[in-house]
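Peer 1: this one's structure only:
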C-alpha cells in the first residue's frame, strides 16, 4: 500500500461551507486540544477513544502526542 504525504498547512471547507485549517500540533495547542476532547460528542466512545474520564484523557494525550505528529 502506498501512502501519500500531504504538506501542511492545508485549508479546507466543511460540509456547511465553514473553512478550517489542518496544521501540525504545537505545544501551545494542548489546552484547546484537551477542551475539544472534554466537549466531544457523542459521548459514545469508539474503541475506547477518547478515554471517557478526564485524567485518562490527559494521560492518553501525553502518550499519543509523544509519538505522533
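Peer 2: On my side now, so go ahead. Owing to the predicted nature of the structure, the values given are computational and were not obtained by experimental measurement.
Peer 1: State the distance spanning the first to the last residue of stretch 34-51.
Peer 2: Stretch 34-51 has an end-to-end distance of 12 Å (CA to CA, to the nearest Å).
Peer 1: what comes up buried for that stretch?
Peer 2: If you call a residue buried by 16 or more other CB atoms under 10 Å, then stretch 34-51 has these buried ones: residue 50. Glycine gets a C-beta too; all of them are placed from N, C-alpha and C.
Peer 1: which residues of this protein fall in helices?
Peer 2: Counting by DSSP state H, the segments of the chain that form helices are 30-38, 54-67.
Peer 1: In terms of secondary structure, what does the shortest one contact?
Peer 2: Judged by 3 or more CB pairs under 8 Å, 6 or more residues apart in numbering; DSSP states H and E, the packing partners of helix 30-38 are helix 54-67.
Peer 1: residues making contact with the helix it packs on?
Peer 2: Residues outside helix 54-67 that contact it (CB atoms under 8 Å, 6 or more residues apart in numbering) are 25, 30, 33-34, 37-38, 49-51.
Peer 1: For residue 6, see how far away the residue nearest to residue 19 when sequence neighbours are not counted is.
Peer 2: Excluding the flanking residues, the one nearest residue 19 by CB to CB, 6 or more residues apart in numbering is residue 13, at 5.3 Å. Residue 13 sits 16 Å away from residue 6 when distances are taken as CB to CB, to the nearest Å.
Peer 1: Same check on residue 23?
Peer 2: With CB to CB as the criterion, residue 23 and residue 6 are 11 Å apart.
Peer 1: neighbour-wise, which of those two wins?
Peer 2: residue 23 (10 against 7; other CB atoms under 10 Å).
Peer 1: so the more buried one touches residue 7, yeah?
Peer 2: No - between residue 23 and residue 7 there is no contact under CB atoms under 8 Å: 10.5 Å.
Peer 1: just to revisit the earlier point, would you mind giving the helices of the chain as TSV with mean pLDDT and distance to residue 18 added?
Peer 2: Listed next are those as TSV, based on pLDDT from 0 to 100; distance: least, CB to CB, whole Å:
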stretch	mean pLDDT	distance to residue 18
helix 30-38	93	16
helix 54-67	92	25
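Peer 1: how about those in a markdown table, adding distance to residue 17?
Peer 2: Listed next are those as a markdown table, based on distance: least, CB to CB, whole Å:
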| stretch | distance to residue 17 |
| --- | --- |
| helix 30-38 | 21 |
| helix 54-67 | 30 |
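Peer 1: Sweet, I'm off.
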